[in-house]
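> 3D, please:
(one chain, ligands or ions: 1)
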Amino acid sequence: MSCLKASIPQIDNTLQELIGAVENAPSLGAMMLAAWRLARLLAVRLVEGELAKRAQRPTEWPHCERCGKKLKSKGFEGRQLTGLIGVVRWERRVGRCPGGCEIGQVAPLDTELGLQPNQRTSGGLKRAACALAVFVPFEIATVLLKLLTETAVSSGAVWTWVQEAGQASMDRLKQQLEALQDGQEPGEEEVEAAVAALPLLVGADGVMVPFRPNGGKPNGRTVWREVKVAVLARLSQRITRTGKQASQLVQRRLVAVLGSIDDLSPRLWLEARRQGILSAEIVVWLCDGGRGFWRLFRERFEKHAQGILDFYHAAQNLWKGAKVWLDGRTKRSRQWFAQARRKLRRGKANEVLADLQAALALDGLPDSARKTLQNLYDYLDTHRDHIDYARFKALGLPIGSGLVESACKWLIQQRFKGVGMRWSEDGFNHLLHLRLDWVNGRFDDLFAFAASPNC
Ligand SMILES: [Zn+2]
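Take a look at the predicted model:
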């Protein structure tokens, strides 16, 4: 150890001071912090030393892309890059076209090192900052980044990186949707055989998000817009601490769009194909009464999935019907509701429908009550195949869409609905797509363009 300590100042004299900070640290915490700073600086010096060495090697000058003449050296120029280890500075040869073509300066060493022209930040730092921004506001992301890496970046820089990566994500999705449209099959995501044997659950919900009015200008009243969110997951069972069996979602994938059901439709189908909707043994579509989502079910999923209407939503509608029909006779409406709910739960939907038909045939039924009852009848009749709750229970399938709804709400609520938050459409979309890539396990691919994404 003392040998290592003695050799460090030979690399760089200024490191002596940091060695002193380690030696004089009053507490273990201070000692570790000082040693870490030393290690980071040492890493920077090592990289800079290596870069200086490589910069001295003879340069293979490429030819001008305009006129074909061999580029000529203009001597050394400085460059720097900020990465997770800190700021690295070096000098390397730059060249220009001897014919005077306006191709700017060319630095062959930069290209060799996998740097983009004008790149000032490493892919690894951008990736870390974007990952933080997926969960916390931009300002907090910069604070956490500083705390964890000692690298200072502005929240504006994090915002810019999120826009870039989010746009890359949206472009990638657009390509995948176009490929699907052209008949190219998306590959199924690989999962363990035990997971592939579980029922595939599909559900969707709408979640409201606050937007700025007037094309993103900050003043004016908040505009609330609905984001359509869908979840696909395998339904697994776990034993709770109290020994009860409870459902849980595994291999969870989310799809979301700021747009209509028709915008959601191809996105959800693309993900459904990846999650094995054509090969899963049991596929369940679980949703509450939102009409647009059931239209999507009929258009895309009916052939492949058992639809289940959220039981609590169905019961809520029964109660609404009972209240209007038996107005003023509270006790009777409660009794009828309790009985109808029980029948529905036990798979006797036909009896409930017969009861409603009998009620509709009564003389002297007020128009408003008739309308409500007719609506209730039509609603249950439309969903006749989706309310066979006794059978669903026997198959071990859930009859409430709570799991689906909380997964959908979480995606939006946790990040987009903080106090005082209001979004521009672009800002929202970019971050939404990054967040989706994160939860769907496709985040790292977005940063793979950087030659060394880990630093
Ligand atoms: Zn030229």
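> Every contact and neighbour count from this point should use C-alpha atoms.
Noted.
> per-residue confidence for the residue of the chain positioned farthest from its centre?
In the chain, counting by C-alpha atoms, centre = their mean, Asp363 sits farthest out from the average C-alpha position, at 55.7 Å. Asp363 is assigned a pLDDT of 80 by the prediction.
> give me the element the closest residue to the ion within the stretch 101-250 of the chain is part of.
Closest approach between the stretch 101-250 of the chain and the ion, counting by C-alpha to the ion: Cys101, at 4.3 Å. Per DSSP states H and E: Cys101 is located in neither a helix nor a strand.
> For it, which non-adjacent residue is closest in space?
Leaving aside its chain neighbours, Cys101 sits nearest to Arg66 (6.9 Å; criterion: C-alpha to C-alpha, 6 or more residues apart in numbering).
> thinking again about what came up before, mind checking the SS state of the residue farthest from the centre of the chain?
When classified by DSSP: H, G, I helix; E, B strand; the rest coil, Asp363 comes out as coil.
> Quick check: the gap between it and Asp378.
20 Å (C-alpha to C-alpha, to the nearest Å).
> Tell me the residues of this structure that contact the ion?
For the chain, the residues in contact with the ion (C-alpha under 5 Å from the ion) are 64, 66-67, 97, 99, 101.
> Just the buried subset of those, please.
64, 97 (16 or more other C-alpha atoms under 10 Å).
> can you redo the residues of the chain next to the ion as TSV with pLDDT and secondary structure?
Converted to TSV, those look like this (pLDDT from 0 to 100; DSSP: H, G, I helix; E, B strand; the rest coil):
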residue	pLDDT	secondary structure
Cys64	94	coil
Arg66	92	coil
Cys67	93	coil
Cys97	95	coil
Gly99	92	coil
Cys101	93	coil
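> lowest confidence element among the helices and strands of this protein?
When each helix and strand of the chain is scored by mean pLDDT, DSSP states H and E, helix 2-11 comes last, with a mean of 72.
> Which parts of the stretch 101-250 of the chain are strands?
Using DSSP state E, counting those that start in this stretch, the strands of the stretch 101-250 of the chain run over 200-211, 223-239, 245-258.
> same check, this time on the stretch 301-450 of the chain
For the stretch 301-450 of the chain, the strands defined by DSSP E, counting those that start in this stretch cover 306-309.
> Now do the closest residue to Val136 other than its chain neighbours: how many residues are near it, please.
Counting by C-alpha to C-alpha, 6+ apart, Val136 lies nearest to Arg415, which is 6.6 Å off, once chain neighbours are set aside. Around Arg415 there are 17 other residues, counting by other C-alpha atoms under 10 Å.
> ok, now Lys69?
There are 14 residues near Lys69, going by other C-alpha under 10 Å.
> what's near enough to touch it?
Neighbouring residues of Lys69 by C-alpha atoms under 8 Å, 6 or more residues apart in numbering: 63, 97-99.
> hmm, 10 Å instead?
Lys69 is in contact with 62-63, 97-99, 101, counting by C-alpha atoms under 10 Å, 6 or more residues apart in numbering.
> For Arg253, state which of those residues is nearest.
The nearest member of these to Arg253, counting by C-alpha to C-alpha, is Pro62 at 46.8 Å.
> quick revisit: for the contacts of Lys69, which one is nearest Leu268?
Closest approach to Leu268 among those (C-alpha to C-alpha): Pro62, at 47.7 Å.
> my guess is that closest one contacts Val94, does it?
No: when contacts are counted by C-alpha atoms under 10 Å, Pro62 is not listed as touching Val94 (11.3 Å).
> Pick out whichever of the two has more residues nearby.
Set side by side, Pro62 and Val94 show more neighbours around Val94, with 22 against 16, by other C-alpha under 10 Å.
> you'd agree that one is in a strand?
Yes: using three-state DSSP, the assignment for Val94 is a strand.
> Quick check: it touching Phe76?
Yes: applying C-alpha under 10 Å as the test, Val94 and Phe76 come out as touching, 6.1 Å apart.
> Mutual contacts of the two, please.
Residues touching both Val94 and Phe76 (C-alpha under 10 Å, 6+ apart): Ala107.
> For burial, what's the neighbour tally of Ala128?
Neighbours of Ala128 using other C-alpha under 10 Å come to 18.
> The one 5 residues further on too?
For Ala133, the count of nearby residues is 24 (other C-alpha under 10 Å).
> Report the contact partners of it.
127, 139-142, 155, 158-159, 161-162, 415, 431, 434-435.
> Columns pLDDT and distance to His383 on top of the residues you listed, output as a markdown table?
A markdown table is the format used below for those (pLDDT from 0 to 100; distance: C-alpha to C-alpha, whole Å):
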| residue | pLDDT | distance to His383 |
| --- | --- | --- |
| Arg127 | 94 | 46 |
| Glu139 | 94 | 48 |
| Ile140 | 95 | 47 |
| Ala141 | 96 | 46 |
| Thr142 | 96 | 50 |
| Ser155 | 93 | 50 |
| Val158 | 96 | 48 |
| Trp159 | 96 | 46 |
| Trp161 | 95 | 46 |
| Val162 | 96 | 43 |
| Arg415 | 94 | 35 |
| Leu431 | 97 | 37 |
| Leu434 | 97 | 36 |
| Arg435 | 97 | 34 |
